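Colleague: Structure, please.
(2 chains)
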Amino acid sequence: MVGITSYGGYIPRYRLNRMIIVQNMAWYFPVIMAVAQGEKAVANWDEDAMSMAVAASYDCMAGKDRKSLDGVYLASTTLPFADRMNAGIIAAALNAPEGGAANADFSACLRAGTTASIAAIEAIMAGGKKNVLVVAADQRRAKMATLHEMFYGDGAAALLFGQDNVIAEFKGSYSLSCDFVDHYKGYGKEFDYGWEERWIRDEGYGKIIPQAIAGFLKKTGMSIGDFFKVIYPCYFSGTHKDIAKKLGIDPSKAQNNLHAVCGDTGTAHPLVMLVAALEEAKPGDKLLVASFGQGCDVLAFEVTEKIKDIKGPKGIKGHLANKVDLVSYQRFSKFRDLITADLGIRGEANPNTSLTTLWRNRKMILGLVGAKCKQCGTPQFPPSPMCIKPDCGTVNEFEDYEFANRKAKVLMFTGDMLAASVDPPAVYGLVGFDGGGRTLLDFTDCDINQIKVGMPVTLSFRRRSIDKVRGFTGYFWKAIPQIGGE
Amino acid sequence: MSTGIRDKVAIIGMGCSKFGERWNDGPDALMVEAFQECIADAGIDKKEIQAAWLATCFDEISVGKSALPASMALKLPNIAVTRVENFCASGTEAFRGAVYGVASGAYDIALAIGVEKLKDIGYGGLPEFSTAMGSLNSLWFANMTAPGGFAMLASGYAAKYGLDMQFIKKAIAHVSVKSHANGALNPKAHLRKQVTEEQVLNAPMIAYPLGLFDCCGVSDGSACAIVTTPEIAKSLGKKDSVTVKALQLSLSNGTEIAYDWDGAHFITTTKASTAAYKEAGIKNPREEISMMEVHDCFSITELVTMEDLHISERGKAPEDILNGLYDRGGKVPCQVDGGLKCFGHPIGASGLRMIYEMYLQLNGRAGERQLKDPKFGLTHNLGGFPMMNVCSIAIVGKYGA
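Modeller: Next comes the predicted model:
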């Protein structure tokens, strides 16, 4: 049996009520009022598709052996590197194996998440791979006062595919590929360029998704009535309903498009919606998932008894519940670099990233992997050739020690108004890990006024730097104080 | 078996420039200003100086690399000049170089000079650290500034002793009020206005819980010393010379940031001060130290340092501070010249500026600030961050004291 063996999700903590966009920008383009229902998920200033993909991947791999991965497939249209395998950064963040692994980026189309899933499934069915992690994420910038700004939300979802302990068995797929260009983003362009909405919804979503599903049903001999949920993206909520009608399904069988609670997460969205459906599914339920972008992929799954064993992931539901209102449109605009505020002269420093240094220390920087002394057992970060424990001093006898999943606590902290930051104050502090080891980390997703010494923190992979001169994006880990406890 | 530095080297001359925003003076002018005072004080000819040590920290924006800037500014007679840099301990490091050079017998007379021209960078505070931290640290180190780094101590200290942050704020406000009162009396200080506790407490936040007045100034300045052996000092007609009683350095080894530490004290200062007292023959520092110039880069640093120097008991520095123990009229006057608080912190110069005040006090030349019969003066520098730092301590006093 081949299928989904685990799932994970990530929705960033900040939510922007669409009425705030309307209040600030409807003077410029009143049409945005028509889609101003609910709120959208907004990535923090230090988040992007990569950081969200890592968060969803860790969520998915909770309780699973990351060393058993033989491939990480990353799907996104908002990747930081045009040439440097982005999926390799995710794999390094997961401290996944290097030997025997074949990772890949799936990009340039919002359908890439489902395409990557089909590729993973087919590789496993062909016997070439055993465990493949597919993760999709997008953090799409949109111009101010546009429907894109209203519709787009940020998020990520991850699916682990394999043959053991399958929670949702793969039941077949069908793809329809055509060069329908509802929007595009040219190389070097900052923003998507879109065509008329009426055409996109009537001739695009409204026709292509039903056609692809019809093709799937014909190919597999299955019936639309077999499915507990039919999952397809479409940020026009009216059209989303019309598609259900065209498919001949009860409106309750159409998986919610999440417009009101997080917005359309782009490449991630079919997977985000699928994860949301899996969270509610019972053994025996059949799920049909379709994507949209230069055609449509359709995949079917049947939920198994094993889904009851899945307890680790926070998933989409858990992340949607963890939210803070972003009440300032200016702050949102600054997070997305849509407005120019002075970062100050300290923000001008832009040292080159040493690629040799990064290569030597890739596990430490991307995976938050430290060392454990084989003699005294002391965990330590950063790894160093000589044991940190006074009076031990063992040299070069260490094993890898992952810190990313450890519980930790705030030992000391501050909020710094002098440090150059997109979101001052820059909060950071010394963090001590349960079981040993401590280090200094930037904090994120927090309010300085709520932090106390002794407060638990979790670790989060974040974008650390953008070198606009050379085009390099750097990543490291930050601590997130858990205001509500562990 | 080492015998320590006590009474092996005498200071025969010192100089200190006016500290401040010296917009119209470069580092060479600052060095010359300090040096002219120093050489006149020493009463020797420049040609008698056999070796020199120059301290600067931010060479990138200050004087550039190597010791050439000092050799060329002072037109030294083609002697050995060495540039040293060890964060905020740089000035004391230059002094240590000159003192050890004389103590070793390699030289009869040596010069230590420190300079920093911070006001050429275009903004307040210290320069940005990213180019100074190395290629690996720049990939992961927290987005930390100097005030933020030290501000963390307040949270660690409050947690360790179960204190309310408002109480700590009040104690560190007194630290700054006291230093401003002293600085107001010092014509060479940068900031010469008295401040009130209310002003300090209501100042804008820089890094929680430190407000503007919890942070030392940033300024340009230079200070220097000429040292020789007590015998040569005597032969030059110097009676009752000020000599070096102790010179100690202690550096973090990674324990604080990566292994174990309470976040409420400096391991380095605790160790260096113990060694310094031993070297100087001091048994009870609270009773024997007459005066101190400590590294009050931030008020919380001074508070914690009072305990690490074994003057205040652990957890009791706030009370001692609020009781006026460290005021100019108190038992152990601290920052008699106004401290970094009022002088600012031109890094290479600071350690030597502190020794300069001790030297003036011991020679009865401190004017309005003069203390009665000081015996031992202690100076302390703390560079880097609380969780990884360089600490230097010097103790000076009259020969034979």
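Colleague: who touches residue A:440 in this structure?
Modeller: If a contact means C-beta atoms under 8 Å, 6 or more residues apart in numbering or on different chains, then residue A:440 has A:428, A:429, A:430, A:431, B:141, B:142, B:144, B:257, B:387 as its contacts. In short, each C-beta sits where N, CA and C put it, glycine included.
Colleague: Please name the bridge partners of the residue in the stretch 301-450 of chain A that chain B sits nearest to.
Modeller: Closest contact between the stretch 301-450 of chain A and chain B, by C-beta to the nearest C-beta, is at residue A:416 (3.3 Å). Legend: beta-bridge partners of residue A:416 under DSSP bridges are residue A:426, residue B:207.
Colleague: what's it in contact with, if anything?
Modeller: A:424-428, B:143-145, B:147-148, B:151, B:206-208.
Colleague: distance of it from residue B:210?
Modeller: Residue A:416 sits 9 Å away from residue B:210, going by C-beta to C-beta, to the nearest Å.
Colleague: Repeat that for residue A:325.
Modeller: Distance, residue A:325 to residue B:210, using C-beta to C-beta: 30 Å.
Colleague: Residue A:167 - how many residues pack around it?
Modeller: Using other C-beta atoms under 10 Å in any protein chain shown, residue A:167 has 22 neighbouring residues.
Colleague: nope, residue A:36 is what I meant
Modeller: Residue A:36: 16 surrounding residues under other C-beta under 10 Å.
Colleague: circling back: I'd like to know which of the contacts of residue A:416 are buried.
Modeller: Neighbour-count burial (16 or more other C-beta atoms under 10 Å in any protein chain shown) applied to these gives A:425-428, B:143-145, B:147-148, B:151, B:206-208.
Colleague: and residue 376, what are its phi and psi?
Modeller: In the absence of a named chain, chain A is used. phi -100, psi -10 (degrees, to the nearest 10).
Colleague: Not quite, go with chain B.
Modeller: In terms of degrees, to the nearest 10, the main-chain angles of residue B:376 are phi -120, psi 130.
Colleague: okay, which residue is most central for the chain?
Modeller: Answering for chain A, as no chain was given. Centroid-nearest residue in chain A, with C-alpha atoms, centre = their mean: residue A:156, separated by 2.7 Å.
Colleague: you looked at the wrong chain, it should be chain B
Modeller: Closest-to-mean residue, chain B, C-alpha atoms, centre = their mean: residue B:351 / 3.5 Å.
Colleague: Against residue A:150, how distant is the residue nearest to residue A:22 when sequence neighbours are not counted?
Modeller: Spatial nearest neighbour of residue A:22, excluding adjacent residues (C-beta to C-beta, 6 or more residues apart in numbering or on different chains): residue A:36 at 4.9 Å. Separation of residue A:36 from residue A:150 (C-beta to C-beta): 7 Å.
Colleague: which residues do those two both contact?
Modeller: The contact lists of residue A:36 and residue A:150 share A:18, A:21, where a contact means C-beta under 8 Å, 6+ apart.
Colleague: can I see the domain layout of chain A?
Modeller: With domains defined by automatic domain parsing, chain A comprises A:3-335, A:369-402, A:404-486.
Colleague: CSV for the ones you listed, including mean pLDDT and distance to residue A:358?
Modeller: Shown next, in CSV, are the domains of chain A (pLDDT from 0 to 100; distance: least, C-beta to C-beta, whole Å):
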stretch, mean pLDDT, distance to residue A:358
domain A:3-335, 97, 10
domain A:369-402, 97, 13
domain A:404-486, 96, 8
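Colleague: pLDDT weak spots in chain B?
Modeller: Within chain B, the segments meeting pLDDT under 70 span B:130-131.
Colleague: those strands in it, which residues are they?
Modeller: Per DSSP state E, chain B carries strands over the ranges B:10-16, B:51-55, B:80-84, B:109-117, B:205-207, B:210-211, B:220-228, B:242-251, B:289-293, B:376-385, B:388-398.
Colleague: most tightly surrounded among the ones you listed?
Modeller: When the strands of chain B are scored by mean count of other C-beta atoms under 10 Å in any protein chain shown, the highest mean neighbour count falls to strand B:220-228 (a mean of 32).
Colleague: distance between it and the chain's centre?
Modeller: Centroid separation for strand B:220-228 versus its chain: 12 Å, with C-alpha atoms, centre = their mean, to the nearest Å.
Colleague: One more: stretch B:355-369?
Modeller: Offset of stretch B:355-369 from its chain centre (C-alpha atoms, centre = their mean): 15 Å.
Colleague: Can you give me the first-to-last residue distance of it?
Modeller: Terminal residues of stretch B:355-369 are spaced 15 Å apart (C-alpha to C-alpha, to the nearest Å).
Colleague: which strands and helices sit next to the longest strand along chain A?
Modeller: The longest strand of chain A (DSSP E) is strand A:456-467. Helices and strands touching strand A:456-467, by 3 or more C-beta pairs under 8 Å, 6 or more residues apart in numbering or on different chains; DSSP states H and E, are helix A:49-60, strand A:408-416, strand A:472-481.
Colleague: strands paired with that strand, and their directions?
Modeller: Strand A:456-467 has these strand partners (DSSP bridges): strand A:408-416 (antiparallel), strand A:472-481 (antiparallel).
Colleague: And for the residue in chain B that chain A sits nearest to, nearest residue in space, chain neighbours not counted?
Modeller: Closest contact between chain B and chain A, by C-beta to the nearest C-beta, is at residue B:148 (3.3 Å). Spatial nearest neighbour of residue B:148, excluding adjacent residues (C-beta to C-beta, 6+ apart): residue A:416 at 3.3 Å.
Colleague: Distance-wise, check the one you found relative to residue B:382.
Modeller: Per C-beta to C-beta, residue A:416 is found 19 Å from residue B:382.
Colleague: now swap in residue A:439 and tell me
Modeller: The spacing between residue A:439 and residue B:382, counted by C-beta to C-beta, is 21 Å.
Colleague: Count the residues that sit near residue A:347.
Modeller: 13.
Colleague: Who are the contact partners of the closest residue in space to it that isn't next to it in sequence?
Modeller: Leaving aside its chain neighbours, residue A:347 sits nearest to residue A:420 (3.5 Å; criterion: C-beta to C-beta, 6+ apart). Residue A:420 sits next to A:343, A:344, A:346, A:347, A:349, A:426, B:128, B:143 when contact means C-beta under 8 Å, 6+ apart.
Colleague: neighbours of the second one, just the number please.
Modeller: Residue A:344: 14 surrounding residues under other C-beta under 10 Å.
Colleague: Once you drop chain neighbours, what's closest to it?
Modeller: residue A:420 (5.3 Å).
Colleague: residues touching the nearest residue to residue B:57 once chain neighbours are set aside, list them.
Modeller: Excluding the flanking residues, the one nearest residue B:57 by C-beta to C-beta, 6+ apart is residue B:347, at 3.8 Å. Residues in contact with residue B:347 (C-beta under 8 Å, 6+ apart) are B:55-58, B:87-88, B:90-91, B:114, B:116, B:118, B:126, B:383.
Colleague: if we can go back for a sec, tell me the most buried of the strands paired with strand A:456-467?
Modeller: Among those, strand A:408-416 has the highest mean neighbour count (mean count of other C-beta under 10 Å), at a mean of 25.
Colleague: ok now that one, how far from the chain's centre?
Modeller: In terms of C-alpha atoms, centre = their mean, the centre of strand A:408-416 is set 27 Å apart from its chain centre.
Colleague: Stretch B:132-149 now?
Modeller: Computed by C-alpha atoms, centre = their mean, the separation of stretch B:132-149 from the middle of its chain amounts to 23 Å.
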